[in-house]
Every structure is written in C-alpha cells, then in structure tokens.
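>>> Quick one: sequence plus predicted model below, questions after.
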Amino acid sequence: MRGLVERAYWWWMRRFSSTARVRGIDFVYLSASVGASAATLTRVLTEALDLISVARGGFGELVGSHLRLVVALNTKEGWVLPWARGYVSNFSPPESESAQLLACRLVWAATVIRLSQDAFQAGRTRDMKTIRQVAREAQFRFVKQLPDADRWTQYLSVAFESD
C-alpha cells in the first residue's frame, strides 16, 4: 500500500507543481535544504547536464534515456525513484554549488534507474548491492573526464567509505 501512496504523491506533485524543463528533464522545485532558489538550482542543473552531454563513454545517452525527473526537496538525503525515472535531492552544499558533483549524482541516479528497470523487465528482484556498486563505478568513470579528475576521484572514494 505504501508504494501506491508514494506513486500517487509523486504523480500529483509532478502534475501540479511548478516544473521547469532543463535539457529534456523535468525539474521540480519544492524546497532545498540551504534555501537555494529555484533559479540557482536550475543553473547548476543546466551546467551539470551540459557536462554530462559532452562526456565520452555514453553518459549523455545514459542520463538522457533514463532520467526524466529531478526534484529539489528538503529531506535528509537524496534517493532514486526508479518507477518515476527520477532523482530527489535536498541540494545541500556542495551539490547546490557544484555542477561537477551534481553531474556525478545524476550519472549515479541514471545508472540505478537503468539497472532497476532492467531487473523489473526481466522479472528479477533488484540486487541493490550490485546496483549501487555499478552506479559507483559509473561515477568514477565519469569523473575521470573532468579537469580535476584526481580531486573528484578522491572525493568520491571518501564519500563511499561512509556508505
């Protein structure tokens, strides 16, 4: 029952909230943890999607094909909505200030969505441990293309130690 309520809520929110279209993705601003404005987050999201679109390795296609919705919501942490093909974030710093970090999160979310959809279509239960590992590896492949790749690799390595 909880899943139906969540789906109804997200459907309602997406349909009746103010939504901006950013590079083919619906961006819904409800709130952000640091009070960043919708305009600021739209700018960072645009920059992140631009970084992804020029990256080699199919990242532009991955995100463009599998991510349809990004939601700014003041919540403890971000999560993926595979059935809605969405990513929910509180946009706390540094994600609200760094297009590179947001791009990494979008690559991660799109990978989780793609692998979840693959499992659903094959009638398999999602192996979240494997899905998280593959999504992490995708982020590391993506950051190797950034100008400050070593710093981002180190940042992600430290971030994943806390998982």
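The structure has been received and is ready for your questions. Quick caveat, the model's predicted, so the values are computed rather than measured.

>>> pull the longest helix from this protein.
helix 99-122 (DSSP state H).

>>> element containing Val28?
Applying DSSP states H and E as the criterion places Val28 in strand 25-29.

>>> could you say what helices and strands that strand packs with?
If contacts are counted by 3 or more C-beta pairs under 8 Å, 6 or more residues apart in numbering; DSSP states H and E, strand 25-29 sits against helix 2-16, strand 19-22, helix 38-54, strand 69-72. C-beta coordinates here come from the backbone N, C-alpha and C atoms, glycine included.

>>> ok, and what's touching the longest one?
This points to helix 38-54. Helix 38-54 is contacted from outside by 18, 20, 22-23, 25, 27, 29, 32, 59-60, 63-64, 70, 72, 91, 95-100, 102-103, 106-107, 142, 146, using C-beta atoms under 8 Å, 6 or more residues apart in numbering.

>>> Check these for burial and list the buried ones.
Among the contacts of helix 38-54, those buried by neighbour count (16 or more other C-beta atoms under 10 Å) are 20, 22, 25, 27, 29, 32, 59-60, 63-64, 70, 72, 91, 95-96, 98-100, 102-103, 106-107, 142, 146.

>>> What sits closest to the most centrally placed residue in the chain if chain neighbours are left out?
In the chain, the centroid-proximal residue (C-alpha atoms, centre = their mean) is Leu106; its distance is 3.2 Å. Using C-beta to C-beta, 6 or more residues apart in numbering and skipping the chain neighbours, the partner closest in space to Leu106 is Val63 (5.5 Å).
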